[in-house]
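1. Got a predicted structure here, sequence first:
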Amino acid sequence: MLRINNVSFSYGRDRIIRDLSAEIKDGEFLGIIGPNGSGKTTLLKIITRILKPSSGRIYLDGEDIGKTPAGRYARKVSFLPSGIDVSFTYTVEEFVSMGRFPHTGRYGSLSERDRKTVSTVLEKLGIGDYDDRKIQELSDGERQRVFLAQAIAQEPRLLVLDEPTSHLDIGHIFRIMDVIRNLNRSGITVISVLHDLNLASEYCSRLLMLRSGEVFCHGTVEEVLTFQNIEQVYETRVLVYRNPHSGKPYVFGIPEDMLTGTKDNHGNARD
Amino acid sequence: MKIKYIAVCIISVLAIAAGLSLGTEFFGLMRFLSLSETDKTILFHLRIPRVMAGFIVGAGLSVTGAVLQAVLKNPLAESYTLGISGGASLGICLGVLLGRVAVIPFFAFLGAVISIMIVLLASIRRRFSNPTVILLGVALNFLFSSFVLFVMAVVRNEQFQSTMLWLIGDISYFPGRLLSAGMVFITLISAFMVLSGRVYDLMSIGEEKAVSMGLDMEREKKVALLLCCIIVGFCVSLAGIIGFVGLIIPHMTRFFFGSTHRRSLPVNFLAGGSFLVLADTLARTLIRPVEIPVGVITGFFGGLFFLSILLRGRYREMW
């Protein structure tokens, strides 16, 4: 279980995260949503220890993450940031093998078990047959799967993702999200920032909605994705229907020139 | 893969052999077998030290080039383009002025550290992009070099002037004792860098990834840069400012051996050493009996290499 206790973070004078508390249970698939600049990525970076909170503490299984040795934490939590530098020519296998670093240590080399873990992960993500290809030669979608594979090769209990589907076409989006869901079902806790509310609705078990660095709403998908919440947080008009297939909330945006006259039935229009 | 490693080893042996046998005096196999007294003097007091110095300097510059590129994630980074060499040469210049010739590498190291600190602090504070960092480094290099030239012009002391001669990139003038110290330090640090190769792999794919895999980025960066400064300090003390070796060799190595540092750094060591020995041999034999400073040769090839990257727009493709 991950417990975030009154965490604040300031960058210069800007308070990006304000006194934020939340609990994420084992096995959850938590989506973090909120407008640009609401502190989503900053929160992820605090959870992954890239940033130190100005105040407050985070506990993973009751242990203060600020006091956990870096190597041990890296064996429990892995992170897929949104910007990974691909300017060096690594092959897919070399790149994914880097994920074993927390297990081998800086002077160690890959053991038989490490290699096996890497090839299993590559198989699982459907990129097993191009381990010798260079990551620059891949399409965006394939590359994102390689990045994800690296994070999984770390064998984390908690997988933290920053917009894993941005810039991908719809086919790759669902392939990536399905992989993440399968991981989640195999017992890995997932925390992911997602921009697409409908994707969040479809895949996440719970949502954490942020506004200006504070928790606006934290609960099940149905509790969080109401038109009232979305309109308040994003300052826009939306309609919330249900996906007829999954029964999950589905959010439609409304262009401004269609607004006149629809004011009464927005949101309530579902079914 | 193995064949490529063997090829690199063979190239190194051939380069050393060429360095030993070519020059104002040609040493064929027969002459090696029956050395006269003069031959022995030439070989043991001139050729061998010079080839050793060339090899270790080339090796050090290539290894630091590769590490700097990974640590700073900057494809054009190396000791010359970052201004580290210039800083080291200014350090040496001041050291000689103060009459501390015995600890020249220490002054070179100090100069190197100060210049890399200037580059890093400025680029962090101003959020410079990669090419801008290189511009800053080159500018610093010019500043330092002109200061060195200024001191040389003002101090009309013959001994001082001859001490400074090697700063323009020449392997023939280094003070004798330096060679063994340089060889020990550069070899040991390079070996440590090979062992730490996986750390540089992580650093090369981004700070966030590296930290999330348990690296203490700040500390690793400082250690890597300090080690680079020690190596560059020795290189500049031995051979002056030699540009572009740390750029050409790491790029070519990556092309043939990939980027994984455990694998590429040893190759950089051997290939860099061979390259500089060959360049120096060329410098000695091109217009015999006149010797050109080796910096002229490396600068020529480096400039062409730099241009080919820029003009063909292969800036990103090279990687």
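-> Nice, thanks for sending it over. None of the values given here were measured: they were computed from a predicted structure. Numbering: from 1, shown residues only, chains lettered A, B, ... in the order given.
2. Please name the spatially closest residue to the closest residue to chain A within the stretch 151-300 of chain B (chain neighbours excluded).
-> The nearest approach of the stretch 151-300 of chain B to chain A comes at B:G214, 3.3 Å away (C-beta to the nearest C-beta). C-beta: built from backbone N, CA, C; applies to glycine. Among residues not flanking B:G214 along the chain, A:A74 sits closest, at 3.3 Å (C-beta to C-beta, 6 or more residues apart in numbering or on different chains).
3. Give the full set of residues in contact with that neighbour.
-> A:F101, A:P102, A:Q154, B:S212, B:M213, B:G214 (C-beta atoms under 8 Å, 6 or more residues apart in numbering or on different chains).
4. For the spatially most central residue of chain A, what is the enclosing helix or strand?
-> For chain A, the residue nearest the mean C-alpha position is A:S192 (1.7 Å; C-alpha atoms, centre = their mean). Secondary structure assignment for A:S192, by DSSP states H and E: strand A:189-193.
5. A:F95 now?
-> Take DSSP H and E as the rule and A:F95 turns out to sit in helix A:92-97.
6. Same check on A:E142?
-> Here A:E142 is assigned to helix A:140-153, by DSSP H and E.
7. other SSEs contacting the very next helix or strand once past that helix?
-> Following helix A:140-153 in sequence order, the next helix or strand is strand A:158-162 (DSSP H and E). Here strand A:158-162 touches helix A:40-47, strand A:77-80, helix A:140-153, helix A:170-185, strand A:189-193, going by 3 or more C-beta pairs under 8 Å, 6 or more residues apart in numbering or on different chains; DSSP states H and E.
8. Recalculate using a threshold of 7 Å.
-> The contact analysis (3 or more C-beta pairs under 7 Å, 6 or more residues apart in numbering or on different chains; DSSP states H and E) places strand A:158-162 against helix A:40-47, strand A:77-80, strand A:189-193.
9. Neighbouring strands - and their directions - for the shortest one?
-> Sheet pairing for strand A:77-80, assigned by DSSP bridges, gives strand A:158-162 (parallel).
10. Need the per-residue pLDDT for the closest residue to chain B within chain A.
-> Closest approach between chain A and chain B, counting by C-beta to the nearest C-beta: A:A74, at 3.3 Å. pLDDT for A:A74: 95.
11. Which parts of chain A are strands?
-> A:2-11, A:14-24, A:29-33, A:55-60, A:63-64, A:77-80, A:158-162, A:189-193, A:206-211, A:214-220, A:238-242, A:249-253 (DSSP state E).
12. which stretch among these comes nearest B:G65?
-> Minimum separation from B:G65 across those (C-beta to C-beta) falls at strand A:77-80, 29.8 Å.
13. what distance separates that closest one from the centre of its chain?
-> Centroid displacement of strand A:77-80 relative to its chain, using C-alpha atoms, centre = their mean, to the nearest Å, is 9 Å.
14. go on, stretch B:178-191?
-> For stretch B:178-191, the distance to the chain centre is 13 Å (C-alpha atoms, centre = their mean).
15. any bit of that stretch sitting next to chain A?
-> No. Using C-beta under 7 Å from any C-beta of the partner chain, stretch B:178-191 stays clear of chain A, coming no nearer than 11.9 Å.
16. buried sites along that stretch?
-> By 16 or more other C-beta atoms under 10 Å in any protein chain shown, the buried positions in stretch B:178-191 come out as B:L178, B:L179, B:G182, B:M183, B:F185, B:I186, B:I189, B:S190.
17. Which positions in chain B make contact with chain A?
-> Residues of chain B lying near chain A (C-beta under 7 Å from any C-beta): B:73, B:75, B:195-196, B:198-199, B:201-202, B:204-206, B:208-209, B:211-214, B:216, B:254, B:258-260, B:316, B:319.
18. cutoff 6 Å now
-> B:73, B:195, B:199, B:201, B:204-206, B:208, B:211-214, B:254, B:258-260, B:319 (C-beta under 6 Å from any C-beta of the partner chain).
19. Sitting in strands, which of these do you find?
-> Per DSSP E, the subset of the residues of chain B next to chain A in strands is empty.
20. Filter those down to the buried ones.
-> Members of the residues of chain B next to chain A classed as buried by 16+ other C-beta under 10 Å are B:73, B:199, B:201, B:204-206, B:208, B:211-214, B:254, B:258-260, B:319.
21. Hmm, which of these is lowest in pLDDT?
-> Least confident of those in the model: B:W319, at 41.
22. Pick the one among the buried ones among the residues of chain B next to chain A closest to A:S82.
-> B:E208 (9.0 Å).
23. related to what we said a few turns ago, the strand holding A:S192 - contacts with which helices or strands?
-> strand A:29-33, strand A:158-162 (3 or more C-beta pairs under 6 Å, 6 or more residues apart in numbering or on different chains; DSSP states H and E).
24. cutoff 8 Å now
-> strand A:29-33, helix A:40-47, strand A:158-162, helix A:170-185.
25. Show me the shaky parts of the chain.
-> I went with chain A, as the question did not name one. Scanning chain A for pLDDT under 70 picks out the ranges A:260-271.
26. nope, chain B
-> In chain B (pLDDT under 70), the answer is B:101, B:156-176, B:312-319.
27. in what helix or strand does the residue nearest the centre of it lie?
-> The residue lying closest to the centre of chain B (C-alpha atoms, centre = their mean) is B:L61, at 2.4 Å. Assigned by DSSP H and E, B:L61 belongs to helix B:48-71.
28. Could you point out the helix or strand that follows that helix?
-> helix B:84-97.
29. Identify the residues contacting residue 78.
-> Picked chain A for this. A:G99, A:A151, A:I152, A:Q154, A:P156, A:L158, A:L159, A:V160, B:S212, B:M213.
30. looking at chain B here, not the other one
-> Contacts of B:E78 by C-beta under 8 Å, 6+ apart are B:L61, B:T64, B:G65, B:L68, B:Q69, B:G243, B:F244, B:V245, B:G246, B:L247, B:P250.
31. Look up how far B:L178 lies from it.
-> Shown here: B:E78 relative to B:L178, a distance of 22 Å by C-beta to C-beta, to the nearest Å.
32. could you list every residue that touches the residue nearest to A:N229 when sequence neighbours are not counted?
-> Nearest in space to A:N229, with sequence neighbours left out and distances taken as C-beta to C-beta, 6+ apart, is A:C217 at 5.4 Å. Contact partners of A:C217, counting by C-beta under 8 Å, 6+ apart, are A:L207, A:L208, A:M209, A:E223, A:V224, A:N229, A:V233.
33. how about those in TSV, adding neighbour count?
-> Listed next are the contacts of A:C217 as TSV, based on neighbours: other C-beta atoms under 10 Å in any protein chain shown:
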residue	neighbour count
A:L207	25
A:L208	24
A:M209	27
A:E223	14
A:V224	24
A:N229	20
A:V233	19
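34. Of all pairs in these, which one spans the longest distance?
-> Most distant of the contacts of A:C217, by C-beta to C-beta, are A:E223 and A:V233, 13.7 Å apart.
35. Now do the contacts for B:L247.
-> B:G65, B:L76, B:E78, B:Y80, B:T81, B:G302, B:F305, B:F306.
36. residues from the stretch 151-271 of chain A in reach of chain B?
-> Residues of the stretch 151-271 of chain A lying close to chain B by C-beta under 8 Å from any C-beta of the partner chain are A:Q154, A:V160.
37. which residues touch stretch A:157-168?
-> Applying C-beta under 8 Å, 6+ apart, the external contacts of stretch A:157-168 come out as A:2, A:26, A:40-41, A:44, A:47-48, A:60, A:76-82, A:140-141, A:144, A:148, A:151-152, A:172-173, A:176-177, A:180, A:183, A:187-196, A:199, B:212.
38. Are any of these buried, and if so which?
-> Listed as buried from those are A:2, A:40-41, A:44, A:47-48, A:60, A:76-81, A:141, A:144, A:148, A:151-152, A:172-173, A:176-177, A:180, A:183, A:188-194, A:196, A:199, B:212; burial here means 16+ other C-beta under 10 Å.
39. Stretch A:180-193: end-to-end distance?
-> Counting by C-alpha to C-alpha, to the nearest Å, you get 13 Å between the two ends of stretch A:180-193.
40. So B:G182 belongs to a helix, correct?
-> Yes. With the criterion set as DSSP: H, G, I helix; E, B strand; the rest coil, the secondary structure at B:G182 is a helix.
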